[in-house]
Structures are given as structure tokens and as C-alpha cells.
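Engineer: Sharing a model that was predicted from the sequence below.
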Amino acid sequence: MTMTDERGSKTVDDGCSRPTPCTRTSSTNSHDVSSSSADSNHRLSVAHLLVASVLFLGALLAVNEHTQSYSHSDTAGSSDNAATIRRRTTMRTNNLKRRMKKHAHRNDEPVHLLYSSDERSLSGVEASIRSVIAHASEDVVFHFVGDRPLDRMPFVKFYNIAEVVDKYAVADFVNTHHRHNGNDREGINLNQNLPNYVRFVMDDLLPDVKKAVWIDSDTIVKCDVVELVRNVLLDDGNNDDYVLAAVPVFTPPTGLYEEDRNGDPFPDWGIEISFNAGVYVVHLDRWREQNVSDKIRDLALRNRKYRYYQMGSQPPLVLTIGEKFEQLPLSWNVKMKTVDERDDMSVEDACVLHWSGPLKPWDGNGKHLEEWLPYHVKSVEESSDEEEDEQ
């Protein structure tokens with residue numbers, strides 16, 4: 001993804017277009033002419049010195065700005081890098097809070113992101129939001145469904161999970177079959193984790209939004225989501241029936257049963273290319289037109305009887321969408337547990353780092369924690385700015 005360096009477009013006056021001193025035409029003696037010429041030469045020399053000084057100072061400032069700019073590949077994991085990220089995130093966060101009211105009625109629809117999590121993952125949501133802000137080219141509207149608001153981020157629109165579940169019948173999507181994660185963390189049945197299923201009522205939750213991004217709490221975003229959303233699922237006559245854009249997985253869906261309870265094999269779903277549901281863009285207008293939520297609900301309810309799949313929210317989404325989705329670049333959903341084993345992707349090239357699976361960075365687990373920690377640590381500047389806003 002290309003980032004424009006604004007410094008490359010600036011021009012500096014090199015002083016070559018300055019007018020020359022005017023020659024006197026009045027009658028003067030030779031001493032006056034000589035004195036006038038000397039004064040003119042002196043003023044010209046001073047002007048040259050001033051211009052040279054300005055150019056030199058400008059060059060120094062440009063070099064200083066360049067050396068302090070954030071370069072992920074050169075400074076990842078260092079304390080200077082963390083401080084730079086926090087300063088940039090703090091500045092953009094406060095600008096976002098100040099401009100929210102001004103942008104409420106603008107013509108271009110802003111980019112919307114939806115997070116949903118339980119109490120254990122709140123620090124992950126906050127870190128992910130900070131990373132989005134740090135790299136977004138425009139303001140982004142954040143939505144969060146959970147047990148309580150994000151106290152440190154009053155600009156995030158909050159929806160109470162209990163009210164959402166009750167109003168939109170989210171429990172219908174739950175897989176009633178029992179499943180734990182690899183570490184059996186706190187004895188939690190992952191299939192009963194209601195925040196995971198909120199994604200299926202995005203169309204009702206955001207009734208006036210055309211496109212939105214669903215993003216898991218265990219992510220860090222290192223590229224511009226605004227640029228991504230504005231360039232996918234376009235109404236340009238190509239694949240206008242696609243409701244979703246996601247990173248492809250070039251294998252059939254996982255987590256499916258091969259046979260029913262009676263031992264009879266299930267028919268082939270006919271899906272050879274699937275996707276991971278941790279990060280995707282959804283065209284909500286098309287989603288509504290095609291009644292996708294109802295189709296997923298029907299599949300989830302039938303799964304309770306026939307047991308098609310064993311996991312929670314990913315299988316019903318993947319099975320309903322099939323292969324009819326727009327493929328995003330692989331960099332937009334890079335799993336941290338396997339990134340070091342890949343030849344086609346690296347941490348440095350990733351746009352979204354995804355700590356999928358049981359090892360979560362807020363628990364101090366998982367690979368490449370140096371990529372997550374700079375967005376997790378709450379800076380002193382952010383604390384002081386929030387206090388000023390409250391006053």
C-alpha cells in the first residue's frame with residue numbers, strides 16, 4: 001500500500017529569481033558611484049547569506065523530521081518507537097474527539113469499525129483502536145458492543161451487550177455444542193461467547209451505514225483502513241452481489257463435521273476457498289437486500305439438530321457466503337502464530353496482525369508481543385489530554 005511523503009512535494013526558493021540592483025541614472029561624482037556600488041554589493045552579499053542560512057536551516061529541520069518519523073521495519077520493539085507511536089496516537093485521538101461533532105453531517109460517509117468483546121478482552125480492543133487511529137488518513141467512527149463503555153475512549157459509540165442480544169435475538173446464532181480453546185481458559189465454552197455473534201446483526205445495529213469493518217479484539221492495524229474500505233466492494237458493475245471482502249484462505253472451511261449423528265456423510269459444501277472471519281469489510285446494504293442474517297440464523301438453528309460444524313461464529317458465516325466474496329490482500333489478516341513459518345508474508349509486511357487462538361497478548365502470551373505493547377501502554381500525554389478535555 002503506497003504512502004505519499006508530503007515532504008517530497010515541497011519546493012524551496014533557491015534565490016535564483018531575485019531581481020538585480022537597479023543602476024543609478026542621475027548625475028553623481030565618481031566617489032558617490034563607487035560608494036553606491038559597494039553598498040549594493042554589500043546588501044547583495046547579506047541577502048545571499050540570509051537565503052543560504054534559511055536553506056541550511058530548512059535542510060536541518062527536514063533531516064530532523066525524517067529521522068524522527070516512524071519506521072516500523074527499523075525501530076520495531078524499541079522504546080523510541082513505542083514513544084513515537086504513543087505520541088502520534090495521542091495527538092490523533094484528541095483531534096478525533098475535537099472533530100467528531102464537526103463531521104457529523106459531512107457528505108462523504110465516514111469509515112465505521114465495529115468491535116465486540118467481553119471484559120477479558122477490553123485491553124485488546126483499546127490497543128487495536130489506538131493502532132487504527134495511528135494509521136488512518138481520516139477520522140474513523142468506532143462502535144463497541146460490550147458489558148461497559150471504554151472509559152479511556154469516550155469517542156467510541158457504546159452498545160450494551162445484554163440489550164443488543166435481547167433486541168436482535170443474537171442467541172439464535174449460538175452453537176449449542178460444547179467447545180473449549182486449546183488451553184481451556186477459565187473453563188469457557190467458546191461457542192457460548194455472545195460477543196462473537198454480534199457480527200451477524202451489524203445490519204440492524206448500524207441501520208444507516210452502507211459499509212463497515214468487523215475486526216476482532218486481538219488485532220493490531222498497521223495500515224490505513226480508510227483507504228481499504230473506500231476501495232473495496234465498489235458499486236462499479238463488478239461482483240455487485242458480493243456482500244463481504246476478506247483475506248482468502250485457499251482451503252475448504254475448517255471445523256466442519258464429515259458425517260451426521262447417525263454416521264451418514266454430509267454432502268460436499270462445494271467451497272475450496274474460504275476466509276478467516278477475524279477481519280472483513282461488509283457491504284451492509286447488500287447484506288440487508290440478500291437477507292444474509294436470516295440465512296445465517298437458519299443455518300445456526302439447523303446446526304443444533306444436525307451438527308454441521310463444531311465452532312462458533314466462523315463456520316456459519318463462511319458456509320453462507322461460500323466463495324462469493326472479494327479477496328483482500330493477504331497482508332490484511334496475518335496470524336501471528338504462523339507468520340514466522342511463512343515464505344509469502346512477514347510481520348513487517350503485515351497490515352493487520354492477528355493473535356488468533358488461545359494465546360492473547362494482553363495475557364502476556366503469543367509471538368511478537370513487541371508489536372502489540374506500544375499500543376497497549378497508555379501514555380502520560382494521553383492521560384493529561386483527557387483531563388484537559390474533561391475540564
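Structural biologist: Everything's here; your move.

Engineer: Surely V213 is in contact with L114?
Structural biologist: Yes: assessed by Cβ atoms under 8 Å, V213 is found in contact with L114 at 7.0 Å. Every residue, glycine included, has its C-beta placed from N, CA and C.

Engineer: so which strand or helix has V164?
Structural biologist: Here V164, judged by DSSP states H and E, is contained in helix 161-167.

Engineer: Check which residues of that helix are buried.
Structural biologist: Across helix 161-167, burial judged by 16 or more other Cβ atoms under 10 Å covers I161, V164, V165.

Engineer: closest to S346 among those?
Structural biologist: The shortest approach to S346 among those belongs to I161, at 36.2 Å (Cβ to Cβ).

Engineer: Excluding chain neighbours, give the residue nearest to L256 in space.
Structural biologist: Using Cβ to Cβ, 6 or more residues apart in numbering and skipping residues adjacent in sequence, the residue nearest L256 is Y309, 5.1 Å away.

Engineer: Confirm that D285 sits in a helix.
Structural biologist: Yes: D285: assigned to a helix according to DSSP: H, G, I helix; E, B strand; the rest coil.

Engineer: how near is the closest residue to it other than its chain neighbours to Y308?
Structural biologist: Nearest residue to D285, sequence neighbours excluded (Cβ to Cβ, 6+ apart): K210, at 5.3 Å. Using Cβ to Cβ, to the nearest Å, K210 is found at 31 Å from Y308.

Engineer: L205 now?
Structural biologist: In terms of Cβ to Cβ, L205 sits 26 Å off from Y308.

Engineer: What segments of the chain are strands?
Structural biologist: Applying DSSP state E to the chain gives strands spanning 111-116, 140-146, 157-160, 211-215, 219-221, 244-249, 274-283, 326-327, 334-335, 352-354.

Engineer: related to what we said a few turns ago, okay, K210 and Y308: which has more neighbours?
Structural biologist: More crowded of K210 and Y308, by other Cβ atoms under 10 Å: Y308, with 20 against 15.

Engineer: In contact with that one, which residues are there?
Structural biologist: Contact analysis of Y308 by Cβ atoms under 8 Å, 6 or more residues apart in numbering lists L256, Y257, F266, L299, R302, P315, L319.

Engineer: Contacts only, for the fifth one.
Structural biologist: To tie it back to what came earlier, the one meant is R302. Y308.

Engineer: just for this protein, where's the confidence low?
Structural biologist: The chain contains residues with pLDDT under 70 at 1-108, 178-190, 377-391.

Engineer: tell me the helices in it, going along the chain?
Structural biologist: For the chain, applying DSSP state H gives helices covering 30-68, 72-75, 79-99, 122-135, 161-167, 202-205, 225-230, 284-289, 292-306, 314-321, 373-376, 380-390.

Engineer: now what about the helix holding V164, what contacts it?
Structural biologist: Residues external to helix 161-167 that are found in contact with it (Cβ under 8 Å, 6+ apart): S116, V145, G146, D147, V170, A171, L194, P195, V198, V201, D204, L205.
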